[in-house]
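Asks: Provided below are the primary sequence and the corresponding predicted coordinates.
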Amino acid sequence: MQGSFLCRFTGSNIGLKVLMALTGIVLSLFVLAHVSGNLLMFAGEAKMNGYAHMLKASAMVLWGARSVLLASVLLHVYSAIKLYKRRGDARPVGYGLKQPHGSTYAARTMIWSGPILALFIVYHLLHFTVGAAHPKFDEHNAYQNVVVGFSSIPVVAAYLIAMACLCLHLSHGVWSLMQTIGINRPNWECALRKVAIGYAVIICAGFVSIPLGVLFHIVK
């Protein structure tokens, strides 16, 4: 019975939204932890490499975290695709002229920012984790990998575009998940929107500061 209930729940629109919110929480916390660690680039080579070696010290913990993240990404994408398809099926004939009422630019571009971020994640892994897209990858020197990797203007430009998409995606995603899990109240709406936007801006400003720091020789 329990398995049957879970299947029915996760197959419903509400269940898919809850699944998207829960995986969104995991991914939002991950980017916070990720940017916090990456900002050690400004503390110097020893600090950054020490952090990188610490992450790799326990293979079980590292691959456990990676498995949770991979599952969260796949479930998040699955939920988004299912909900988008159902919304399209409910209105097979589109609006003749669609005027946005109350929706933000971030909300209207989720369908584009999501796939762009998915492609960026693949490139980011090939660039800094696997090293296949890196010109001089050294698995023992994360600091130099970042410095060399961001010495290319086209690479920095690609990262900046991806971070702009992340900012839009996070700002709407955090706001939406707060609604889904029941945090929102009518008199809290304005404040919660500011919290979501502020969180997205802080995260993305942290990420952007690193390639720009390398490009302008603040980090070298």
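Replies: Structure's in. What do you need? Residues are numbered from 1 along each chain as shown.

Asks: By mean pLDDT, flag the weakest helix or strand of the chain.
Replies: helix 2-11 (a mean of 70; mean pLDDT, DSSP states H and E).

Asks: The next helix or strand after that helix: how far from the chain's middle?
Replies: Downstream of helix 2-11, the first helix or strand assigned by DSSP states H and E is helix 13-38. Centroid separation between helix 13-38 and its chain, computed with C-alpha atoms, centre = their mean, to the nearest Å, is 8 Å.

Asks: And the average pLDDT for helix 13-38 is what?
Replies: What helix 13-38 shows for mean pLDDT is 94.

Asks: Any buried residues in it, and which?
Replies: Neighbour-count burial for helix 13-38 flags 15-25, 27-28, 31, 35, 38 (criterion: 16 or more other C-beta atoms under 10 Å). Bear in mind the C-beta positions are built from the backbone N, C-alpha and C, glycine included.

Asks: Who are the packing partners of that helix?
Replies: Contact analysis of helix 13-38 by 3 or more C-beta pairs under 8 Å, 6 or more residues apart in numbering; DSSP states H and E lists helix 2-11, helix 59-90, helix 153-180, helix 189-215 as its packing neighbours.

Asks: Pull out the buried positions in the last one.
Replies: Under the neighbour-count criterion of 16+ other C-beta under 10 Å, helix 189-215 has 192-193, 195-197, 199-200, 203-204, 206-211, 213-215 buried.

Asks: ok so, going back, redo the helices and strands packed on helix 13-38 as JSON lines? Include distance to Asn145.
Replies: Converted to JSON lines, the helices and strands packed on helix 13-38 look like this (distance: least, C-beta to C-beta, whole Å):
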{"stretch": "helix 2-11", "distance to Asn145": "39"}
{"stretch": "helix 59-90", "distance to Asn145": "17"}
{"stretch": "helix 153-180", "distance to Asn145": "12"}
{"stretch": "helix 189-215", "distance to Asn145": "11"}
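
Asks: So which of those has the densest surroundings on average?
Replies: Comparing the helices and strands packed on helix 13-38 by mean neighbour count (mean count of other C-beta atoms under 10 Å), helix 153-180 ranks first with a mean of 19.

Asks: Which elements pack onto that one?
Replies: So helix 153-180, by 3+ C-beta pairs under 8 Å, 6+ apart, packs with helix 13-38, helix 105-108, helix 110-124, helix 189-215.

Asks: Distance to Met163 for the ones you listed - can I get that in a markdown table?
Replies: Shown next, in a markdown table, are the helices and strands packed on helix 153-180 (distance: least, C-beta to C-beta, whole Å):
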| stretch | distance to Met163 |
| --- | --- |
| helix 13-38 | 10 |
| helix 105-108 | 14 |
| helix 110-124 | 9 |
| helix 189-215 | 5 |
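
Asks: Nearest to Val155, out of those?
Replies: Proximity to Val155 (C-beta to C-beta) singles out helix 189-215 among those, at 7.6 Å.

Asks: Which secondary structure elements does that closest one sit against?
Replies: By 3+ C-beta pairs under 8 Å, 6+ apart, helix 189-215 packs against helix 13-38, helix 142-149, helix 153-180.

Asks: No more questions from me, cheers.
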